[in-house]
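Undergrad: this one's structure only:
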C-alpha cells in the first residue's frame, strides 16, 4: 500500500468520524439540551472541517476516475 493510499484511508476515516459526531450532537440537541449553543458551535466546526476535503486531490494523484 502506498503512502497516498494510506492518506486516503485516513482521510476517509476522519470524514466518517466527523459525520458520526455531527449526527450524535444533532441527536443530543433534539432532547431539549441545555447545551444548545456549544452543540451548535461544535456542529459548525465539524461542518467546516468536512468542507476541507482533499480526497479529490488524492484521487487525481492515484488516477482514480469517476465512471
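TA: Done, it's in. Not measured: the values here are computed from a predicted model.
Undergrad: from here on, contacts and neighbour counts on C-alpha atoms
TA: OK.
Undergrad: List the buried residues for the longest helix that the chain contains?
TA: The longest helix of the chain (DSSP state H) is helix 3-29. Buried residues in helix 3-29, counted by 16 or more other CA atoms under 10 Å: 8, 11, 15, 18-19, 22, 25, 29.
Undergrad: and of those residues, the nearest to residue 35?
TA: residue 29 (7.6 Å; CA to CA).
Undergrad: Confirm for me that the closest one is in contact with residue 37.
TA: No. Contact status for residue 29 versus residue 37: not in contact, 9.6 Å apart, counting by CA atoms under 8 Å.
Undergrad: what about residue 22, distance to residue 41?
TA: 11 Å (CA to CA, to the nearest Å).
Undergrad: that older thread, quick check: next helix or strand after the longest helix of the chain?
TA: helix 36-51 (DSSP states H and E).
Undergrad: the inter-axis angle of the longest helix of the chain versus helix 36-51?
TA: 160 degrees (axes from the mean of the first three to the mean of the last three CA atoms, to 10 degrees).
Undergrad: As TSV, the buried residues of helix 3-29 with distance to residue 56 would be great.
TA: Formatted as TSV, these follow (distance: CA to CA, whole Å):
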residue	distance to residue 56
8	10
11	11
15	13
18	18
19	18
22	22
25	28
29	32
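Undergrad: Excluding chain neighbours, what is closest to the residue sitting nearest the centre point of the chain?
TA: Taking CA atoms, centre = their mean, the centroid of the chain lies closest to residue 15, which sits 2.8 Å from it. Leaving aside its chain neighbours, residue 15 sits nearest to residue 50 (6.5 Å; criterion: CA to CA, 6 or more residues apart in numbering).
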